[in-house]
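no sequence on hand, only this structure:
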């Protein structure tokens, strides 16, 4: 069931009510059953993966703690998790990539294909299992209760698309003897409403324009393609942060606090700052369990850059079994390296350093950095959104060259659609400008916890207006959350 479905809006209040009326000893088992029901509501066969994998990691953690400094035991546990992830998520990708090499040796591409269904959320709960084993290796106490451990991975508000939780903090909350408080609902319900509004009002309506532009970038000019890139930048932000808001709000109804996953990412001053603000639970996971184990920044300039590059390239591949995600990860890895090298270089130039440190110069530099960072992120989003690498590079090329004409060799029905662009482009432009203006207040409301400090009547009126707007303006069909595919 989707967060945006009527089924979820019935399911959630029932589970919340059961949670608070049941004796404390029954709450977590009930919540685990509810979480497995939520997961099975998509495809019940998914349980055949998550349950055995959960049992394996729980038992392996008990085995690891007996000799928690043994790298071989840790490594074996991580490899088993990654092999399972590779089989379900990357088998067809690897087969297609190998098959594409056959023509270079004079053989025909065999077009191998495996009939494998990608389980929802496998990337997220696999990363939580790896984090769990890593922390036991580093000296943390394992979870004794299987129900407690299973709920850590299966908790339905975060099960499908995160945020990626850290077990010491979350387990401590599950073990606490919480009493029902009105504050849980005062914070949780508005978060759910804001998250649904982000998804239904903003992301889903933007998706119509994004679909039109990015499926056939050859039809549009450079300025038009920039508008489509802007539209997708805000679509994916409102889609994913909306999911996170609904998940965090749902968890709050049980008294659980889930980490914030976004911190106003489009006001980042550089690419490193962007990754401190975007998908925070993933970026910190990559830092703690990939970048630092690779050597982090301890090995000097070139090794640090290598580690950044590998971390982001693998982070891109984590997002999806397709070369466009690898290119997206490589793009961000190179962008982080360029930022790092440029920051080191500018510190050696007295004139540049003094200009940046001056009051007026610092402001000019700050806003220029915001502008350049946002547009670099938008270029990266093109590779994220368009699976066809050639089409993605074509779109970026036209965006950078700002080509003013479209291809006259397009099929007739596309030329008819192209004639509608004088009407469509202003609409997209107005939406994008509107989102630029609303991004800050909307983000400030929940990512800076400003909303919780406003008077109750203001919160009630605001949430009521959002509900009316959703009923009135939401699309006929709500698309699945973008990060469900990962």
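Cool, the structure landed. What you are looking at is a predicted structure, and each value in this text was computed from that prediction instead of being measured.

how about residue 114, secondary structure?
Assigned by DSSP: H, G, I helix; E, B strand; the rest coil, the conformation of residue 114 is coil.

that one and residue 89 touch, don't they?
No - if you go by C-beta atoms under 8 Å, residue 114 and residue 89 don't touch, sitting 11.3 Å apart. From N, CA and C alone the C-beta is placed, and that goes for glycine too.

backbone phi and psi for the residue nearest the centre of the chain, please?
The residue lying closest to the centre of the chain (C-alpha atoms, centre = their mean) is residue 279, at 5.2 Å. Dihedral pair for residue 279: phi 40, psi 60, per degrees, to the nearest 10.

count of residues packed around the nearest residue to it once chain neighbours are set aside?
Spatial nearest neighbour of residue 279, chain neighbours left out: residue 261 (6.0 Å); criterion: C-beta to C-beta, 6 or more residues apart in numbering. The local packing of residue 261 (other C-beta atoms under 10 Å) involves 26 other residues.

okay, now residue 337: neighbour count?
For residue 337, the neighbour count with other C-beta under 10 Å is 18.

which residues touch it?
For residue 337, the contact set (C-beta atoms under 8 Å, 6 or more residues apart in numbering) comprises 305, 308, 309.

again with residue 388
Residues near residue 388 by C-beta under 8 Å, 6+ apart: residue 324.

quick one: it from residue 268, how far?
28 Å (C-beta to C-beta, to the nearest Å).

likewise for residue 130?
Taken as C-beta to C-beta, the span from residue 130 to residue 268 is 27 Å.

with residue 202 instead?
Per C-beta to C-beta, residue 202 is found 20 Å from residue 268.

and what of residue 2?
30 Å.

so which of these two has more stuff around it?
Between residue 2 and residue 268, counted using other C-beta under 10 Å, the more crowded position is residue 268 (21 against 18).

ignoring the adjacent residues along the chain, who's closest to that one?
Among residues not flanking residue 268 along the chain, residue 274 sits closest, at 3.8 Å (C-beta to C-beta, 6+ apart).

which other helices and strands contact the helix or strand the one you found falls within?
Element membership for residue 274, per DSSP states H and E: helix 271-277. Using 3 or more C-beta pairs under 8 Å, 6 or more residues apart in numbering; DSSP states H and E, the elements in contact with helix 271-277 are helix 323-346, helix 359-385.

need the per-residue pLDDT for the closest residue to residue 54 other than its chain neighbours.
Sequence neighbours aside, residue 150 is the residue nearest to residue 54 in space, at 4.9 Å (criterion: C-beta to C-beta, 6+ apart). With respect to pLDDT, residue 150 has a value of 94.

centre of the chain to the helix or strand that residue 150 is a member of, how far?
In this assignment (DSSP H and E), residue 150 forms part of helix 146-154. Relative to the chain's own centre, helix 146-154 is displaced by 22 Å; criterion: C-alpha atoms, centre = their mean, to the nearest Å.

buried ones in that helix?
Residues 148, 149, 150, 151, 152, 153, 154 are the ones in helix 146-154 that count as buried (16 or more other C-beta atoms under 10 Å).

next: stretch 383-397.
383, 384, 385, 386, 391, 392, 394, 395, 396.
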